[in-house]
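*Asks:* structure here, sequence nowhere to be found:
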């Protein structure tokens, strides 16, 4: 059975990670933290705020590092969720 997650933990984690990854929209960081919590829970692993923060940080770091150096503004504006699927990591096909 899945447990519900404490909203205050998610907010604290999101706030810390948003400070660290300020180039990403706040909503993108919140979604990553929430999805990470749900994924860990779904896998049957004991969910702790520390684990969620570590995994979400790795994912956000990968998102930031995947931005091509020649297009930082275009890609970062897409990370708001309007032009991308999922978290905002994969562009929609044209």
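*Replies:* Great, that's in hand. This one's a predicted model, so the numbers in the text were calculated from it and none came from an experiment.

*Asks:* hey, let's count contacts and neighbours off CA atoms from now on
*Replies:* OK.

*Asks:* show me where pLDDT drops low in the protein?
*Replies:* Within the chain, the stretches with pLDDT under 70 are 1-5, 70-94.

*Asks:* switch the cut-off to 50
*Replies:* For the chain, residues meeting the criterion pLDDT under 50 lie at 1, 82-92, 94.

*Asks:* which parts of it are helices?
*Replies:* Using DSSP state H, the helices of the chain run over 7-20, 26-42, 49-65, 72-78.

*Asks:* okay, those helices in CSV with mean neighbour count next?
*Replies:* Below are the helices of the chain laid out as CSV (neighbours: other Cα atoms under 10 Å):
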stretch, mean neighbour count
helix 7-20, 16
helix 26-42, 19
helix 49-65, 17
helix 72-78, 15
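
*Asks:* next up, the contacts around residue 54.
*Replies:* Going by Cα atoms under 8 Å, 6 or more residues apart in numbering, residue 54 touches no other residue.

*Asks:* mind checking how far residue 28 is from residue 10?
*Replies:* Using Cα to Cα, to the nearest Å, residue 28 is found at 13 Å from residue 10.

*Asks:* likewise for residue 67?
*Replies:* 26 Å.
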